[in-house]
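>>> here you go, sequence then predicted model.
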Amino acid sequence: MGMRFSILGSGSSGNCAVLRTKGACVLIDAGFSQRKLRQLLHDAGETMENVNAVFLTHEHGDHAAGIEGLKKFPHVRVFANAATARAVQSKLDFKPSWQVFETGARFQFLDLEVESFHVPHDAQEPVGFTFSSGPEAHPSASRQRIAWLTDLGHAPLHIHERIRDVDIVVVESNHCPVLLQADVKRPWPTKQRISGRHGHLSNDAMRELLEAVASPRWQHVLLTHLSGDCNSHAAVEAALAGLRARLSCRFSIVAAGGGTPPVEITDVTGA
């Protein structure tokens, strides 16, 4: 078995994905109530009893609200940096099985190698992740790697390097600048926060990042965390114009509030 994942939900109403390898089943963020999360996992053919760990990118509720429900599942470890763990713990009436790492650290969990890296967002100490799995000893069988990159206002050069040598890129395409400015629900300070350098990645900024890296290794790029009010499938497609022809990989646009069927990484070497 290789690496397989499903995005269970994406957007301001909640963010979570389940990642499975031969030896591990983990969640990336847990931004739903326990009841909702269990239903989403059931729909994806998984259960909370099978989950080994949760990896948190940051403490905002749409990414961490489900940690409260882990009191019923004490076997689940929760990986976060110290700042994120403190922020989440301050709202809990129990102590999860925290596994605290330093931002920038690379570490092993079961058959996953995990690397964290800083991202610019308006949270305590937000991170992105790369997850790797597979054999290291045989050069003909490359490791399978996924980059997880949501909630960031811009993409510094160190982020370019984190997503270059991966098979799958999950990156936010949060808003269309024109639709954001025209939105009547959000006050001006909120619009400034969203579009700022520690806010969320716009469609244009997403395209610029992917164009700058344009790795031939990419098999699949998934565009996530779309705003339900300030973005649209058509706006994302317009931003991708020209990029699809340049990159031979598959693109998926994850609707606001939606998820994906299972996505698998294939071994292009045929090993």
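Good, I have the coordinates.

>>> for the rest of this, base every contact and every neighbour count on C-alpha atoms.
Will do.

>>> straight-line length of stretch 163-170, end to end?
Taking CA to CA, to the nearest Å as the measure, stretch 163-170 stretches 9 Å from start to finish.

>>> what's the answer for stretch 51-60, then?
Taking CA to CA as the measure, stretch 51-60 stretches 21 Å from start to finish.

>>> next SSE downstream of the helix or strand hosting A234?
For A234, the element it lies in under DSSP states H and E is helix 233-240. Next in sequence after helix 233-240, counting helices and strands by DSSP H and E, comes helix 243-246.

>>> distance from that following helix to the middle of the chain?
For helix 243-246, the gap between its own C-alpha mean and the chain's C-alpha mean amounts to 23 Å (CA atoms, centre = their mean, to the nearest Å).

>>> do the same with stretch 112-131
For stretch 112-131, the distance from its own C-alpha centre to the chain's C-alpha centre is 9 Å (CA atoms, centre = their mean).

>>> CA atoms of it as CSV?
The C-alpha trace of stretch 112-131 is given here as CSV (Å, rounded to 0.1, in the frame of the first residue of the first chain):
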residue,chain,number,x,y,z
LEU,A,112,5.8,8.6,8.2
GLU,A,113,8.7,11.1,8.1
VAL,A,114,7.3,14.5,9.0
GLU,A,115,8.8,17.9,8.4
SER,A,116,7.3,21.1,9.7
PHE,A,117,8.0,24.6,8.4
HIS,A,118,6.9,28.1,9.2
VAL,A,119,4.2,29.8,7.2
PRO,A,120,3.1,33.5,7.5
HIS,A,121,-0.4,33.6,9.0
ASP,A,122,-2.1,35.5,11.8
ALA,A,123,-1.8,32.7,14.4
GLN,A,124,0.6,31.9,17.3
GLU,A,125,3.1,29.9,15.3
PRO,A,126,1.5,28.4,12.2
VAL,A,127,3.2,25.6,10.2
GLY,A,128,3.0,23.7,7.0
PHE,A,129,4.0,20.0,6.7
THR,A,130,5.6,17.5,4.4
PHE,A,131,4.8,13.9,4.9
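
>>> how about that stretch, which residues are buried there?
Under the neighbour-count criterion of 16 or more other CA atoms under 10 Å, stretch 112-131 has 112, 114-131 buried.

>>> who are the packing partners of the host helix or strand of P189?
Element membership of P189 [criterion: DSSP H and E] is helix 188-195. The contact analysis (3 or more CA pairs under 8 Å, 6 or more residues apart in numbering; DSSP states H and E) places helix 188-195 against helix 177-182.

>>> show me what the helix it packs on is packed against.
With contacts taken as 3+ CA pairs under 8 Å, 6+ apart, helix 177-182 sits against helix 188-195.

>>> show residues contacting the helix it packs on.
Residues lying outside helix 188-195 but in contact with it, judged by CA atoms under 8 Å, 6 or more residues apart in numbering, are G153, P177, L180, Q181, G199, H200, L201, S202.

>>> now do the buried residues in it.
Burial within helix 188-195, assessed by neighbour count using 16+ other CA under 10 Å, is assigned to K191, I194, S195.

>>> only alpha carbons, please: show that helix as CSV.
Extracted in CSV, the C-alpha atoms of helix 188-195 (Å, rounded to 0.1, in the frame of the first residue of the first chain):
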residue,chain,number,x,y,z
TRP,A,188,-12.8,46.8,5.7
PRO,A,189,-10.4,45.7,8.5
THR,A,190,-11.3,42.0,7.9
LYS,A,191,-10.7,42.4,4.2
GLN,A,192,-7.3,43.9,4.9
ARG,A,193,-6.5,41.0,7.3
ILE,A,194,-7.5,38.4,4.7
SER,A,195,-5.5,40.0,1.9
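
>>> give the next helix or strand downstream of it.
Tracing the chain C-terminally past helix 188-195 and defining elements by DSSP H and E, one meets helix 203-213 next.

>>> that following helix: which residues count as buried?
By neighbour count, and taking 16+ other CA under 10 Å as the criterion, the buried residues in helix 203-213 are N203, D204, A205, M206, R207, E208, L209, L210.
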